[in-house]
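S.K.: Give me coordinates for this.
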Amino acid sequence: MTQARATSPNDGIAARRAALHLIEQATGAQRLLSESIAAGALERLSPPDRARAQRLATQVLRQLPRADRALKPFLVKQPPLAVRNALRLGAVEIMEGAAAHGVVNAMVQIMSKGKRTQSYKGLVNAVLRKIGEQPGEAWAKLPAPKLPNWLRGPLVEAWGRKPVEAMEAVQAQLPPLDLTAKGDAAALAATLGGELLPTGSVRLREAGQVSALPGFAAGDWWVQDAAAAVAARVLDARPGERVLDLCAAPGGKTMQLAATGADVTALDLSEARLARLRENLDRTGLAARVVQADALEFDETGFDAILLDAPCSATGTIRRHPDLPHAKDGSEFGALIALQAEMIDHALGLLKPGGRLVFCTCSLLPDEGEVQVEEALARHPGLVNDREVLARPGIAPDWIGPEGLRLRPDFWAERGGMDGFFIACLRPGARDG
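M.R.: Down below sits the predicted model:
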């Protein structure tokens, strides 16, 4: 399918066509939504259509196995991917409450404009009309979408079948919006009508347009998942400390560290991502020294504390990024695991005596968390795994294991869950570093 072209802003065609492009890139070209968007997939759309396209694509990818189950009784054989994705989009919209006639008409119109799809417009019309005749509760009765086998297998081995099913149930839901307050989190929760979470984040169930919320323009808060915010709290930066945030962009943790009064250096390899970090610092009025460099080549030493949110599989963020299971297959994970170990070793050498390193990854795979700590301890005699600092407010004792703090999507399921994270605090000993 070619890149979406803008049409009338009021007919929904432009947004749906763009959503289909994003979905096809994820399911056919194994390309993340963020990659497609960065390449300009939505640049010709109006802001409302851009937001709608991204929302539709994200929800279809979140519910894709459910959509396929709903469609299966009405298909003798599978049509081409472009047509199948149109059916998926139409089914998700209809079964989540959109007016069936409007969705059907829009999808038929889109199919009729494509050389590869125009002969299937009758099929799309017939199948989606049948979907529209399904009882309202049919969608809710379908089981929660399962993760693909390449990921589900290792997670079941690590955490067990029941916990993985609980994670899948959370990942099937629209996630709430979490905010980190620059100042008083309780006051922010009261202002926005949100929930003050036990760990200190503020959670909104229905946020609407983020930039229109009170306090956004003033820089009183920033968007950051509650699990991600725990890592900087574990580091516990203090005023005047020299703190290094490795792999810092887009800056959520950098802002947390800067808000403590620490002397923060934020480093990242991507200049484009650092531009977002600078924008966030400007909006919030917080200060940090920003450095564009390869973390493994950065050789400045003497830091009191380092936060290393290492590149990883991002398998803990699927509740917010449901394109990942469709765009990835796990083949690149081995290289990421090797890179994480190299970055831990390098970061330890940048600390001053008595310093501390908080290592974290937004991964659900033990190889990118617990195993990394085990192997780092074996490589560095005298390295101390400080588990006491992990007992932060809101952290349940059973979330802390021998290697570190394990957060999972099924934790706080009744509240909307959280991203998957692993966090550990390492301190070089007398014989290390």
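S.K.: quick one, strands of this protein?
M.R.: Taking DSSP state E as the test, the strands found in the chain are 177-181, 195-196, 202-204, 221-223, 242-246, 263-268, 289-292, 303-309, 351-361, 384-385, 405-407, 421-427.
S.K.: okay if I get those as a markdown table plus mean pLDDT?
M.R.: Output for those, formatted as a markdown table (pLDDT from 0 to 100):
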| stretch | mean pLDDT |
| --- | --- |
| strand 177-181 | 97 |
| strand 195-196 | 98 |
| strand 202-204 | 97 |
| strand 221-223 | 97 |
| strand 242-246 | 98 |
| strand 263-268 | 98 |
| strand 289-292 | 97 |
| strand 303-309 | 98 |
| strand 351-361 | 97 |
| strand 384-385 | 97 |
| strand 405-407 | 98 |
| strand 421-427 | 98 |
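S.K.: With distance to Glu370 and mean neighbour count as new columns, can these be given to me in a markdown table?
M.R.: The C-beta positions use only the backbone N, C-alpha and C, and glycine is treated the same way. Shown next, in a markdown table, are the strands of the chain (distance: least, CB to CB, whole Å; neighbours: other CB atoms under 10 Å):
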| stretch | distance to Glu370 | mean neighbour count |
| --- | --- | --- |
| strand 177-181 | 25 | 24 |
| strand 195-196 | 30 | 16 |
| strand 202-204 | 27 | 21 |
| strand 221-223 | 28 | 21 |
| strand 242-246 | 20 | 26 |
| strand 263-268 | 26 | 24 |
| strand 289-292 | 30 | 16 |
| strand 303-309 | 16 | 23 |
| strand 351-361 | 10 | 21 |
| strand 384-385 | 11 | 15 |
| strand 405-407 | 7 | 25 |
| strand 421-427 | 7 | 26 |
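S.K.: export those to CSV and tack on distance to His326?
M.R.: Supplementary listing: the strands of the chain in CSV, determined by distance: least, CB to CB, whole Å:
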stretch, distance to His326
strand 177-181, 23
strand 195-196, 31
strand 202-204, 27
strand 221-223, 24
strand 242-246, 29
strand 263-268, 27
strand 289-292, 32
strand 303-309, 24
strand 351-361, 21
strand 384-385, 36
strand 405-407, 24
strand 421-427, 22
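S.K.: and of the ones you listed, who's closest to Pro322?
M.R.: For the strands of the chain, proximity to Pro322 was assessed by CB to CB; strand 177-181 is nearest, at 16.1 Å.
S.K.: And the closest one, how far out from the chain middle?
M.R.: 14 Å (CA atoms, centre = their mean, to the nearest Å).
S.K.: now swap in stretch 348-363 and tell me
M.R.: From the chain centre to the centre of stretch 348-363 is a distance of 23 Å (CA atoms, centre = their mean).
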